[in-house]
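Novice: how would this look folded up:
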Amino acid sequence: MKDGSVWQLDAVEMVRRFRVGELTPAAVAQACLARLDAVNPRLNAVVARRDEQFLAEAQASTRRHARGEPLSALDGVPLTVKDSLFACDLPTTWGSPALRGFRGAGEELAVVRARAGGALVLGKTNVPEFALEGYTANSLFGTTRNPWNLALTPGGSSGGAVAAVAAGIAPLAVGQDGGGSIRRPASHTGLVGLKPSLGAVPRHGTLPSLLLDFEVIGPIARTVAGTRLLFDAIRGPEPVDRCPLVVAPAPAAPRRFVPRRILYVERLGDAPLDPQVAASVAAAAARIEALGHRVDSGPLPLDVAFLEQEWPCVAEAGLARLFEDHPEWEREASEKYREMAARGRSVPAGRVEGIGRLVARLRRDAASLFERHDIVLMPAAAALPWRAELAYPEFIAGRAAGPRGHAVYTGWVNAAGLPALALPCDPSSEGLPIGLQLIGAHGADDELLDLGEAYEAAWPWADRWPDL
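Specialist: You can find the predicted model right below:
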């Protein structure tokens, strides 16, 4: 194989070639750094690097493979870490000038687990300030751009993560999803992204959560198999996380075809939806039905309208709490976020408690929903990618759309604590990626991955690459 195409390999194919001696982690690391140098100046996806350590770890991984002693199936595979997650030897700025050069005392447990399995951490990826918005730009590092069209956003807040994977800088990324921050960016860049069940990936060594318990860690990859590879490395119970909802790893048993009862939800209420997104997801639903599953169309039988009204309150109250604990961060934060925190301080305690009660009811109602259906299928994002400098698209399908208009399909899944898998479907007429999401009952992460792999096998997408 030519060195120039090494960076195009999926993580699982890399591992296969390591195992049979066709490729080494050292060669992959060199190829990824060369690709980073070639495309990152235009994308601004990776904002912190560790080249010397990265190459040294790749050499150590190469020696382990030569001895036939890899640490795990992930040994030697490069990945990036979102800049809202602690990594012990890299700064964690959260996209804010308030945390310029900041290093946490610990390391996010998912990163610890990935490193323990021999994964090679290439660097940190860009986020919007405090990871609170659906695009990726900040005053510290600037704007991240979509590899499919540099004038457009890859979405957010895992925008740097998806831009790096979509451009071939690394085959995997550790992301974070508090309201769709893995799934929407994956849909905007032609990738697979898993938002796991609440508790499936334990949390330890973290920044404070700004969105109640909605924020989860999840994998981003080019294929479903790559997504599963990273998920399996970071999932499962941990003594430091006593969350009662922690999901144990699935038993290692052969998977067989099981026809699923799927509810296809074209749109939520009267929220605007780009017609090309609607058509692409509808075509994907028909393809999934052709695989032997029962697909029924209908509205989402859950009350999720309250979230669009209350979401800003949750974020603002969370930011206010953060600044109470870290007043020095508020002094240096961008004005927009100081203003958000000021609004958060005026939120009555009773309103926050009321949101908690509505979330609890949503979780009960969602459990009932999945007694009637196995999976819900809907768009991952309401809009196609928009101008990179804008926080959100002002119009969708010719209608005015507010800050959450593009995100209506994802936030309720976080509030409900459910797993969701974003998958590519047919691109737009302009060649822009579009994504769907499969949503399951709590703990049904593996069912979603199984269906995603079957869908991908029938209609693969891994050979689609942006022209950079």
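
Novice: list the contacts of the residue nearest to the spatial centre of the chain.
Specialist: By Cα atoms, centre = their mean, the chain has its centre lying nearest to Ile182, at 2.0 Å. Residues near Ile182 by Cβ atoms under 8 Å, 6 or more residues apart in numbering: 158, 161, 175-176, 193-195, 218, 220, 422. C-beta coordinates here come from the backbone N, C-alpha and C atoms, glycine included.

Novice: repeat that for Ser428.
Specialist: 276-277, 280, 384, 434 are the contacts of Ser428 under Cβ under 8 Å, 6+ apart.

Novice: neighbour-wise, which of these leads?
Specialist: Val277 (28 neighbours; other Cβ atoms under 10 Å).

Novice: in strands, which of the contacts of Ile182 fall?
Specialist: Among these, the members falling in strands (DSSP state E) are 175-176, 193-195, 218, 220, 422.

Novice: the stretch 201-350 of the chain: helices as residue ranges?
Specialist: 224-234, 275-290, 305-325, 327-332, 335-345, 349-372 (DSSP state H, counting those that start in this stretch).

Novice: ok, back up a step: of all the ones in strands among the contacts of Ile182, which two lie farthest apart?
Specialist: Gln176 and Ala422 (14.1 Å; Cβ to Cβ).

Novice: the more surrounded of these two?
Specialist: In terms of neighbours (other Cβ under 10 Å), Ala422 is the more surrounded of Gln176 and Ala422; the figures are 31 against 27.

Novice: one step back: I'd like the ones in strands among the contacts of Ile182 as a markdown table, with pLDDT appended.
Specialist: Output for the ones in strands among the contacts of Ile182, formatted as a markdown table (pLDDT from 0 to 100):
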| residue | pLDDT |
| --- | --- |
| Gly175 | 98 |
| Gln176 | 98 |
| Gly193 | 98 |
| Leu194 | 98 |
| Lys195 | 98 |
| Gly218 | 98 |
| Ile220 | 99 |
| Ala422 | 99 |
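
Novice: for Ala137, what are its contacts?
Specialist: Ala137 touches 128, 143-144, 153, 388-389, counting by Cβ under 8 Å, 6+ apart.

Novice: show me how to select, in ChimeraX, the buried members of these.
Specialist: Of the contacts of Ala137, the buried ones go into a single ChimeraX selection, burial set by 16 or more other Cβ atoms under 10 Å:
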select :128,143,144,153,388
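
Novice: which ones among the contacts of Ala137 map onto strands?
Specialist: Those of the contacts of Ala137 lying in strands (DSSP E): Thr143.

Novice: now render the contacts of Ala137 as a markdown table, adding pLDDT.
Specialist: Converted to a markdown table, the contacts of Ala137 look like this (pLDDT from 0 to 100):
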| residue | pLDDT |
| --- | --- |
| Pro128 | 98 |
| Thr143 | 98 |
| Thr144 | 99 |
| Thr153 | 98 |
| Ala388 | 98 |
| Glu389 | 97 |
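
Novice: let me know the closest of the contacts of Ala137 to Glu332.
Specialist: Checking those one by one against Glu332 (Cβ to Cβ), the nearest turns out to be Pro128, at 16.3 Å.

Novice: what's the closest of the ones in strands among the contacts of Ile182 to Gly104?
Specialist: Out of the ones in strands among the contacts of Ile182, the member with the shortest distance to Gly104 (by Cβ to Cβ) is Gln176, at 14.3 Å.

Novice: how near is that closest one to Val127?
Specialist: Distance, Gln176 to Val127, by Cβ to Cβ, to the nearest Å: 9 Å.

Novice: which neighbours do the two have in common?
Specialist: Common neighbours of Gln176 and Val127 (Cβ under 8 Å, 6+ apart) are 82, 84, 157-158.

Novice: where in the stretch 1-150 of the chain is pLDDT low?
Specialist: 1-4 (pLDDT under 70).

Novice: Val12 belongs to a helix?
Specialist: Yes: remark: Val12 belongs to a helix, assigned using DSSP: H, G, I helix; E, B strand; the rest coil.

Novice: ok, it to Leu229 distance?
Specialist: Distance from Val12 to Leu229, by Cβ to Cβ: 6 Å.

Novice: so Pro301 touches Glu371, yeah?
Specialist: No: with contacts counted by Cβ atoms under 8 Å, Pro301 stays clear of Glu371, the gap being 11.4 Å.

Novice: who has more neighbours, the two?
Specialist: Per other Cβ under 10 Å, whichever of Pro301 and Glu371 has more neighbours is Pro301, with 14 against 8.

Novice: thinking again about what came up before, what two of the contacts of Ile182 are the furthest from one another?
Specialist: Gln176 and Ala422 (14.1 Å).

Novice: that older thread, roughly how far does the residue nearest to the centre of the chain sit from Leu362?
Specialist: Ile182 is 20 Å from Leu362, by Cβ to Cβ.

Novice: report the contact partners of Thr410.
Specialist: With contact taken as Cβ under 8 Å, 6+ apart, Thr410 is in contact with 177, 179-180, 183-184, 195, 380-381, 420, 437.

Novice: neighbour-wise, which of those leads?
Specialist: Busiest of those [other Cβ under 10 Å] is Arg183, holding 36 neighbours.

Novice: residue with max distance from the center of this protein?
Specialist: Distance-from-mean max, the chain, by Cα atoms, centre = their mean: Arg67 at 34.5 Å.

Novice: need phi/psi at that residue.
Specialist: phi -90, psi -10 (degrees, to the nearest 10).

Novice: same thing with the one 4 residues further on?
Specialist: Reported as degrees, to the nearest 10, the phi and psi values for Leu71 are phi -70, psi -30.

Novice: that one touches Leu120, doesn't it?
Specialist: No: using Cβ under 8 Å, Leu71 is not in contact with Leu120, being 11.4 Å away.
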